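Enquirer: dropping a prediction and its sequence here:
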Amino acid sequence: QVQLVESGGGLVQAGGSLRLSCAASGRTFSNESMGWFRQTPGQEREFVAAINRSGGSKYYADFVKGRFTASRDNAKNTLYLQMNSLKPEDTAVYYCAARPEGYYGSSTRIDDYAYWGQGTQVTVSS
């Protein structure tokens, strides 16, 4: 089992920045391929970013490329999402997720993730 706890969300003005954190426990973090997703009310959860075990391979949704950066600190068992140049349409609950044990490749597919945090709210005002 993996436990994931997000933090760092909040209210920010358009053009501002936030850094989300996801603290992981329960399994060897450096063996986990991780992802970030987001969801707004009435909408399906959507892919934001994925990062492999070492952090050397990353994928991003087109709508965040050049603005968001995923990273990880395996020594601290923590995943990050640096969000810059935020827009009102980035307002959502952001979730971190981990793939099942033994699945080491990055994935953009929500169904490929087995463990989820509780989410953290990000609100961007115009």
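Expert: In hand now; what should we look at?
Enquirer: so Tyr94 sits right up against Gly9, yeah?
Expert: Yes. Assessed by CB atoms under 8 Å, Tyr94 is found in contact with Gly9 at 6.4 Å. (C-beta placed from N, C-alpha, C; glycine too.)
Enquirer: show me the beta-bridge partners of the most centrally placed residue in the chain.
Expert: Taking CA atoms, centre = their mean, the centroid of the chain lies closest to Trp36, which sits 2.3 Å from it. Beta-bridge partners for Trp36, by DSSP bridges, are Ala49, Cys96.
Enquirer: how much space between it and Ser126?
Expert: 23 Å (CB to CB, to the nearest Å).
Enquirer: so where is this protein shaky, pLDDT-wise?
Expert: For the chain, applying pLDDT under 70 flags no range at all.
Enquirer: quick one: the strands in it?
Expert: Applying DSSP state E to the chain gives strands spanning 3-7, 10-13, 18-25, 34-39, 46-51, 58-60, 68-73, 78-83, 92-98, 115-116, 120-125.
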